[in-house]
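Trainee: Sequence first, then the predicted structure:
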Amino acid sequence: MTQTAKPADRPLSPHLQVYRLPLAAWLSITHRITGVGLTGGMLLLTSWIVSAAYGGESYAAFSAFVGSPLGYLLLAGFSTALFYHLCNGIRHLFWDAGLNLEIVETRRANMVVIAGTVALTALSWLLALA
Amino acid sequence: MFASHNFRSPLGRAQGLGTAKEGLHHWWAQRLTALALIPLTVWFVAAVVGLVGSGFEEFVAWLSAPCNATAMILFLGVSFHHAQLGLQVVVEDYVGHHGWRIGTIIVVKFMCYGLAALGIVSSLIVSFGV
Ligand code: HEM
């Protein structure tokens, strides 16, 4: 009570700057980041359909934008985020059902989610550009 | 582990008591939309992959097919509903000031519903003939 201003010289509870996050924690925050990012992706999808509803000219303009380097960058982000969020979302639903809660299972699922994201993203780009 | 998934006390359930009785509905709606989004997302990616490089006429013809229009409208509606529920939680977690929190949630929800309506109406316009 007497010396509250003095900085503590003992280790404090794990703090983000000194605490090395386990992989599962990185994947967890990534689910949130991709969820927010996907809302931006949905804005892109909406713009696509709106551009078509306004006619051929605006559709061509939107297509040109999506075909630009920035457009490709957005599509790359959208697709990767979508597949990650899909894979990890399915894992969430397993958790919600009370399944896969053991640490060994969680570690295995980490790998499945990462591998699934990479594989699905690569596959769809291959099919799209083939 | 977790043989019983019933974490609520019998009395609490009988009285319908939750945080503000809203939490359970929010949670359930988030899972239900997530579940619906699994097939819808697979459909959406396959559709986009198939549509790569298509011009205005092709896109209009594609969205005029009843099944495609229905799936697109479902994808838009369910995604924005799911996004709106998810973004609410993100805002609740990070925006501390009560007024700002409520204000941000209102803006986020209005934007999601507005974009959903815009996308759905545009889909219908394209389907019924631009
Ligand atoms: C397609 C557009 C989608 C958008 C815009 C979107 C957006 C979001 C957002 C903003 C959140 C909140 C994140 C958080 O609270 O940390 C969220 C959570 C969630 N999403 Fe999605 N999502 C989409 C698709 C999907 C799909 C396909 C699944 C498949 C299962 C899914 C499953 C989930 C689950 C289970 C949660 C809850 C996670 C939690 O409790 O922390 N989402 N989503």
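Mentor: Received the coordinates, thanks.
Trainee: Now do the helices in chain B.
Mentor: B:10-14, B:23-51, B:56-64, B:66-94, B:98-127 (DSSP state H).
Trainee: quick one: average pLDDT of the shortest one?
Mentor: Same thing as helix B:10-14. For helix B:10-14, mean pLDDT is 70.
Trainee: and what of the last one?
Mentor: Confidence for helix B:98-127, expressed as mean pLDDT, is 98.
Trainee: What helices and strands are in contact with that helix?
Mentor: Under the contact criterion of 3 or more C-beta pairs under 8 Å, 6 or more residues apart in numbering or on different chains; DSSP states H and E, helix B:98-127 touches helix A:23-53, helix B:56-64, helix B:66-94. Just so you know, the C-beta spots here come from the backbone N, C-alpha and C atoms, and that holds for glycine as well.
Trainee: Make JSON lines from those helices and add mean neighbour count, mean pLDDT and distance to the ligand to it.
Mentor: Output for the helices and strands packed on helix B:98-127, formatted as JSON lines (neighbours: other C-beta atoms under 10 Å in any protein chain shown; pLDDT from 0 to 100; distance: least, C-beta to the nearest ligand atom, whole Å):
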{"stretch": "helix A:23-53", "mean neighbour count": "18", "mean pLDDT": "98", "distance to the ligand": "3"}
{"stretch": "helix B:56-64", "mean neighbour count": "16", "mean pLDDT": "97", "distance to the ligand": "18"}
{"stretch": "helix B:66-94", "mean neighbour count": "18", "mean pLDDT": "98", "distance to the ligand": "2"}
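Trainee: JSON lines for these, including distance to residue A:10?
Mentor: JSON lines is the format used below for the helices and strands packed on helix B:98-127 (distance: least, C-beta to C-beta, whole Å):
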{"stretch": "helix A:23-53", "distance to residue A:10": "24"}
{"stretch": "helix B:56-64", "distance to residue A:10": "64"}
{"stretch": "helix B:66-94", "distance to residue A:10": "29"}
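Trainee: Which of these sits closest to residue A:122?
Mentor: Proximity to residue A:122 (C-beta to C-beta) singles out helix A:23-53 among the helices and strands packed on helix B:98-127, at 17.2 Å.
Trainee: Which residues are in contact with residue A:123?
Mentor: By C-beta atoms under 8 Å, 6 or more residues apart in numbering or on different chains, the contact list for residue A:123 is empty.
Trainee: so it is in which element?
Mentor: helix A:103-129 (DSSP states H and E).
Trainee: any idea how far residue A:24 is from residue B:22?
Mentor: To residue A:24, residue B:22 is 29 Å away according to C-beta to C-beta, to the nearest Å.
Trainee: Give me the contacts around the one helix or strand residue A:63 maps to.
Mentor: According to DSSP H and E, residue A:63 maps onto helix A:56-67. Identification of contacts with helix A:56-67 by C-beta under 8 Å, 6+ apart yields A:44, A:47-48, A:51-52, A:71-72, A:74-75, B:55-57, B:59, B:130.
Trainee: Now the two most distant members of those.
Mentor: Taking C-beta to C-beta, no two of the contacts of helix A:56-67 sit farther apart than A:72 and B:130, at 26.5 Å.
Trainee: So which of these two has more stuff around it?
Mentor: Using other C-beta atoms under 10 Å in any protein chain shown as the criterion, residue A:72 and residue B:130 rank with residue B:130 on top: 17 against 11.
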